[in-house]
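Novice: curious how this folds, go ahead:
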Amino acid sequence: MIFKELFEKIKDFFTNNKKLAIIVCLGVIIVLLLIILLISIVSSSGKKNSFTDTEIILTETQMIPNGPELQNDYVISRQTKEKWSDEEVNDWFTIPTLKDVENLGKSNDSMIIDLLGNAP
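Specialist: Just a heads-up that it's a prediction; the model follows:
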């Protein structure tokens with residue numbers, strides 16, 4: 001009941017006093033915009049990044065996470081050598097066989113066919 005009466009009074013005010021109603025609406029909008037502007041200025045001045053001028057220096061060594069995806073002797077960073085030693089070549093390098101090269105070629109060909117098969 002109270003809201004219905006209030007709604008009717010507001011409706012009558014807007015229908016009878018159109019110029020005054022427009023001025024009141026514009027005033028309310030301007031006040032709201034000023035409040036929003038004031039809030040944004042106050043909130044932006046309070047939030048400053050405190051890390052911009054400080055340099056972070058690590059004092060402890062890095063910890064390697066324990067997990068199944070990393071080996072226990074995994075090294076995060078290392079100095080790379082220009083050239084492998086003969087022992088490393090024997091340990092790590094495997095000369096591909098003719099079958100390996102053919103399988104790689106077939107795999108590459110199938111990927112190219114998949115890409116080109118979908119092309120217009």
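Novice: quick one, longest helix in this structure?
Specialist: Among the segments of the chain that qualify as a helix by DSSP state H, the longest is helix 18-46.
Novice: what helices and strands are in contact with that one?
Specialist: helix 2-16 (3 or more C-beta pairs under 8 Å, 6 or more residues apart in numbering; DSSP states H and E). Every C-beta, even on glycine, is put in place using the N, C-alpha and C of the backbone.
Novice: what count of nearby residues applies to Phe13?
Specialist: Neighbours of Phe13 under the rule other C-beta atoms under 10 Å: 13.
Novice: what about the most far-flung residue of the chain relative to its centre, distance to Ile95?
Specialist: Distance from the C-alpha centroid of the chain, by C-alpha atoms, centre = their mean, peaks at Asn16 (54.1 Å). In this structure, Asn16 and Ile95 are separated by 97 Å, where distance is defined by C-beta to C-beta, to the nearest Å.
Novice: let me know the secondary structure of Gln79.
Specialist: The three-state assignment at Gln79 reads coil, by DSSP: H, G, I helix; E, B strand; the rest coil.
Novice: what's around it, how many residues?
Specialist: Per other C-beta under 10 Å, the neighbour tally for Gln79 reads 4.
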